[in-house]
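# pasting the sequence and the predicted model now:
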Amino acid sequence: MKISRRAILAMMAAGGLLPLHAAEMPEPLKVLGKRKGLNVGNALSRHHLHNPGYTALMARECNMLVAENEGKWQALEPRQGAYEFGPADELYAWARSQGMLVRGHNLIWQDAKWLPKWVNAYDFGTQPAQAAEALLRKHIVAVCDHFGDAIHSYDVVNEAVDPKTGGLRVNVFTERLGAVEQMDLAFRVAHERAPKAQLVYNDYMRPDTGSTKHRAGVLKLLHDLKSRGTPVHALGLQSHIGSWDEMGTGDQQREWRRFLDEVTGMGLDLLVTEFDVNDRKLPGDVAKRDAGVAALAKDYLDVTFSYRQCKDFLMWGMADNFNWLQTWDEAPRTDGLKMRPTPFDDQLRAKPLRDAIAAAINAMPPR
């Protein structure tokens with residue numbers, strides 16, 4: 001059952017999100033987006049459904065959901081033949097009850113360490129190419145057939161390019177089918193079984209100079225797929241940005257525009273699929289840090305949203321305590337402070353980043 005406006009207001013007030021008068025509330029991001037033809041979404045995990053303040057916030061601000069982990073192969077089939085669709089079904093049912101679109105993330109996570117252990121240990125026998133194709137096809141068919149038309153857009157292949165070299169990652173499928181060949185197969189099977197869904201290649205290349213090889217590798221992959229007639233429709237820009245992505249009007253902005261020009265020049269759409277702002281290099285002072293995060297976001301989104309082909313914007317957690325960076329131990333803040341990477345704080349109060357996102361949506365051309 002859809003949550004009523006009254007219930008949303010009550011739960012948000014309990015979470016400290018509302019000002020004294022509901023009339024003072026800013027327009028929801030999804031309303032701003034609708035005016036411009038932009039879907040606004042968020043990544044949600046099943047256990048988040050038990051937090052009424054957070055789900056109320058998402059119901060107010062978003063018209064699209066992506067499962068943070070529940071749609072990945074290792075979650076859907078942790079043991080061979082033992083499918084566990086229940087958690088994803090629960091999330092998607094809630095999204096539909098709120099009138100939200102659903103993104104599927106992801107059919108294949110290319111890095112071997114993110115495939116199910118049983119897939120990496122699979123015996124491909126004496127005809128390894130045929131066995132690899134059959135296994136990959138079975139997985140995609142099972143997922144697409146189960147969810148049917150509920151999925152508006154699929155990340156068919158996730159993170160296939162090695163950011164250090166720009167080359168393609170290796171896994172048990174690429175070793176037996178070839179890397180581009182394996183991805184071409186994945187997109188074709190997805191198109192057969194989910195003909196109405198947008199099919200996306202998703203990756204985390206960024207505007208910074210350290211991502212030069214990564215961007216080049218993604219462009220080469222997309223060109224190779226397009227030259228084969230692969231039914232790839234869009235590029236997902238994960239957009240886990242940070243202070244190293246500062247654009248202003250300098251070289252990084254020109255490089256990012258050059259990259260997006262080439263992608264859209266292939267006839268591909270764009271999606272911001274996993275947005276947050278890593279603040280580990282910003283000052284510890286909360287006001288300064290929040291202002292820095294907002295400025296980084298506004299610069300990045302102004303450029304990216306200037307492309308009419310960008311029709312979806314999804315956050316990877318809307319509130320600080322629901323964001324993956326809090327537990328990512330590879331790059332914490334050196335001062336030990338909790339990160340503030342999202343538009344809302346732990347008490348679900350709007351931060352300057354929320355205003356920056358709204359301003360970027362308002363400033364962008366209609367889709």
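Great, that's in hand. Numbering: from 1, shown residues only.
# what's near enough to touch Lys34?
Asn63 (C-beta atoms under 8 Å, 6 or more residues apart in numbering). (Glycine included, C-beta is placed from N, CA and C.)
# figure out the helix or strand that it lives in.
Counting by DSSP states H and E, the element that carries Lys34 is helix 29-36.
# dump the C-alpha coordinates for that helix into CSV.
This file holds the C-alpha atoms of helix 29-36, laid out as CSV (Å, rounded to 0.1, in the frame of the first residue of the first chain):
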residue,chain,number,x,y,z
LEU,A,29,14.0,16.2,-5.7
LYS,A,30,11.8,13.8,-7.7
VAL,A,31,9.4,16.8,-8.4
LEU,A,32,12.2,19.0,-9.5
GLY,A,33,13.5,16.1,-11.7
LYS,A,34,10.1,15.4,-13.3
ARG,A,35,9.9,19.0,-14.6
LYS,A,36,13.2,18.4,-16.5
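# C-terminal to that helix, what's the next element?
strand 39-44.
# so the helix or strand following that following strand versus helix 29-36, what angle?
Next in sequence after strand 39-44, counting helices and strands by DSSP H and E, comes helix 52-61. Put simply, helix 52-61 runs at 10 degrees to helix 29-36, going by axes from the mean of the first three to the mean of the last three C-alpha atoms, to 10 degrees.
# run me through the strand neighbours of whichever helix or strand comes after helix 52-61, direction for each.
The helix or strand immediately downstream of helix 52-61 is strand 64-67, counting by DSSP H and E. Strand pairing for strand 64-67, determined by DSSP bridges: strand 39-44 (parallel), strand 101-109 (parallel).
# what ranges do the strands span in the stretch 151-300 of the chain?
Using DSSP state E, counting those that start in this stretch, the strands of the stretch 151-300 of the chain run over residues 153-158, 198-203, 234-237, 240-242, 269-278.
# helix/strand/coil for Pro87?
helix (DSSP: H, G, I helix; E, B strand; the rest coil).
# so what's Asp269 bridging to?
Ala234.
# what number of residues lie near it?
Residues within reach of Asp269, counting by other C-beta atoms under 10 Å, total 20.
# now do Gly33
Gly33 - counted by other C-beta under 10 Å - has 26 other residues nearby.
# quick check: closest non-adjacent residue to it.
Val40 (4.3 Å; C-beta to C-beta, 6 or more residues apart in numbering).
# try Pro283
Per C-beta to C-beta, 6+ apart, closest to Pro283 is Arg289, 5.6 Å.
# got it, and Gly242?
Nearest to Gly242 is Asn278, by C-beta to C-beta, 6+ apart, at 3.5 Å.
# now the one you found: how far from Leu29?
Distance from Asn278 to Leu29, counting by C-beta to C-beta, to the nearest Å: 21 Å.
# with Val156 instead?
With C-beta to C-beta as the criterion, Val156 and Leu29 are 27 Å apart.
# now Val161
Taken as C-beta to C-beta, the span from Val161 to Leu29 is 30 Å.
# which residue of the chain lies farthest from its centroid?
Thr126 (38.1 Å; C-alpha atoms, centre = their mean).
# and it, how far is that from Thr174?
19 Å.
# average pLDDT for stretch 195-212?
Mean per-residue pLDDT for stretch 195-212: 95.
# do stretch 358-365 as well
Mean predicted confidence for stretch 358-365 is 98.
# list the buried ones in it?
358-361, 364 (16 or more other C-beta atoms under 10 Å).
# now do stretch 159-176
In stretch 159-176, counting by 16+ other C-beta under 10 Å, buried: 159-163, 166, 168-169, 171-174, 176.
# with stretch 305-320 instead?
So, applying 16+ other C-beta under 10 Å, buried residues of stretch 305-320: 305, 307, 310-320.
# ends of it, what's the gap?
Length of stretch 305-320, first residue to last, C-alpha to C-alpha, to the nearest Å: 24 Å.
# what's the end-to-end length of stretch 329-339?
12 Å.
# so which residues make contact with that stretch?
278-280, 284, 320, 323, 325-326.
# what about Leu44, how many neighbours?
25.
# what's across from it in the sheet?
Beta-bridge partners recorded for Leu44 (DSSP bridges): Ala67.
# ok, it - contacts?
55, 58, 65-68, 91, 95.
# tell me the pLDDT at it?
pLDDT, Leu44: 97.
# ditto for the one 4 residues further on
At His48 the predicted local distance difference test score is 94.
# so what's it up against?
Applying C-beta under 8 Å, 6+ apart, the residues contacting His48 are 54-55, 322.
# equivalent analysis for Leu225, please.
180, 183-184, 187, 201, 232.
# for the contacts of His48, which one is nearest Leu268?
Phe322 (30.3 Å; C-beta to C-beta).
# was I right about that closest one contacting Tyr54?
Yes. If you go by C-beta atoms under 8 Å, Phe322 and Tyr54 touch, sitting 6.4 Å apart.
# can you map out the helices along this protein?
5-14, 29-36, 52-61, 73-76, 86-97, 117-120, 128-147, 174-177, 179-193, 212-228, 251-265, 286-305, 352-363 (DSSP state H).
# give me whichever of those helices is most buried.
Mean neighbours per residue, mean count of other C-beta atoms under 10 Å, is largest over the helices of the chain for helix 52-61, with a mean of 22.
# what does stretch 286-293 rub up against?
Against stretch 286-293 from outside (C-beta under 8 Å, 6+ apart): 243, 277, 279, 282-283, 340-341, 351-353.
# top of these by neighbour count?
Val277 (29 neighbours).
# ok, that one touching Gly242?
Yes. Assessed by C-beta under 8 Å, Val277 is found in contact with Gly242 at 6.4 Å.
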